[in-house]
Structures are given as C-alpha cells and as structure tokens.
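> Sequence first, predicted coordinates after that:
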Amino acid sequence: MFQRLLCILGCASALACTTVSAATVHVVVTDSAGKPAASAVVTLTGDAGAASHVPLRAIIDQRDEMFLPLVVAVRKGGDVVFTNNDATMHQVYSFSPVKQFEFEIDKGEVSKPVVFDKPGVAAIGCNIHDNMVAYVFVADAPFAAVTDDKGTANLRDVPEGTWRALLWHPQARIGEKPAVVALKVGGDTTLALKIALNAAPAMRRMHKDY
Ligand SMILES: [Cu+2]
C-alpha cells in the first residue's frame, strides 16, 4: 500500500477586464517539480446559485486495454457512455459509493448511459484487466474541468465575484480533504495551482474506498 501525499499550494492572480460580467478562468496545474499535472479536476463553487456549466455527458473509451481518458467530469445527474474500441470484451464496474454498477461490453459496443446522481468520485475498473482504471468526477459545483497534458483547463462563462477553487487528482491521498483556494474573478483570470502527487501509478485497487 502506497502512502499518498497531498499538498496543494495555490495562488491566484486576476487580470482586470472590468467591462465583462462573466469571464474565463484559465487554470494551470503543476506538480511539485513544476511539471504539468494532467488529469486534475478543478471546481469552482460560489455562494450564489449558479447554473451548472459542467458537461451532462462524458465518453470513456476502451482502447489498448485502457480507459481513455483517465478522468472525466460530469455534473450531478449527468451520465457517462462507455465505448469499446478494443478487440476484446471488457467487464466494467464500480464499487464506489457514488455509483455501483457492473456490465459487460463487447468489442465495438456502446454502453447505455450510466447516470451519476451523487456528487463525488467513482473509480471504474474492469474485472478482466486489473490495470484498467478511470475516474468519474461527479460535480455538484457549477464549474468543473479536467486538466489536459499541459496541465491546463479553461472554465468559461464564470460570473464575476468570489469563488472557491478546489483541486482533486487521482494520485492525491485517499480521504484527504482538498485545499480550498479563494479566487476573485473580475475578468479573465489565471489560476495557478500546485499539487504534490504520489509517484505511484493510480491503480484502481488503491481506490476501492472511494
Ligand atoms: Cu477489460
């Protein structure tokens, strides 16, 4: 069992553009070595109720005995569709409290949408291929995005005001509460976040207690 370390150091800098009432928050996440941190989820939560901008649906493909992408974000009540572009069958499952399910998907098939109606993170595995892992981040927050290979993500149409940014990553310590960074949005804004990641690969067996 690997111990996981989580250390989030955040800093936000706002570039003023005072004539707009909604803005884009450009998120840049790096690890403790300064390298881009892909597959991180950044959410923004505010005091006032804002409509969700998180996607209603995400697609997780299966290719070369991997789930792709590693992390998707959907809004609470949204769903995930699984596709199988492998030459073999997979048995997709989740034991996570957020959503529990299990089904077979043959090569070339597309699953029915799997609805996620509780916020949190579901770890997805395959009963046939133990190394296959993916994570569905189910967001209650109105804004959520997953960082790309450059560690970047854009949160668009964010109303001006004060927000709380949270960062999650599959290689962060299990059960640890994420750091919260206050973010003032007064125009297009860059949010730079740092996260210390465990060097170990994100194996699904470590995540059964999600
Ligand atoms: Cu499989």
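Received it, and whenever you're ready, just let me know what you need.

> neighbours around G108, how many?
Counted with other CB atoms under 10 Å, the neighbours of G108 add up to 10. Bear in mind the C-beta positions are built from the backbone N, C-alpha and C, glycine included.

> Domain ranges for this protein, per the record?
In terms of domains, the chain is parsed into 8-51+141-203, 57-139 (source: automatic domain parsing).

> What's the mean pLDDT across the longest one?
Taken as a whole, domain 8-51+141-203 carries a mean pLDDT of 82.

> Helix, strand or coil: sort out D148 for me.
Three-state call for D148 (DSSP: H, G, I helix; E, B strand; the rest coil): coil.

> which residue sits closest to D86, ignoring its sequence neighbours?
Q62 (5.2 Å; CB to CB, 6 or more residues apart in numbering).

> Any idea what the one you found is bridged to?
Per DSSP bridges, the residues bridged to Q62 are F67, N84.

> give the contact list for E104.
By CB atoms under 8 Å, 6 or more residues apart in numbering, E104 lies in contact with M89, H90, Q91, V92.

> For beta bridges, what are the partners of it?
Beta-bridge pairing of E104 under DSSP bridges involves Q91.

> quick one: it from P113, how far?
16 Å (CB to CB, to the nearest Å).

> How about the contacts made by the residue nearest to the spatial centre of the chain?
For the chain, V41 is the residue whose C-alpha lies nearest the centre (CA atoms, centre = their mean; 3.6 Å). Residues in contact with V41 (CB under 8 Å, 6+ apart) are V71, A73, F137, A139, A144, A145, V146, T147, L167, W168, H169.

> try S111
Applying CB under 8 Å, 6+ apart to S111 gives the contacts V81, F82, T83, V92, F103, I105.

> The second one: helix or strand, and which one exactly?
F82 belongs to strand 78-84 when assigned by DSSP states H and E.

> before we move on, back to that, hey, what's the residue nearest to the centre of the chain bridged with?
Note on V41: beta-bridge partners V146, W168, judged by DSSP bridges.
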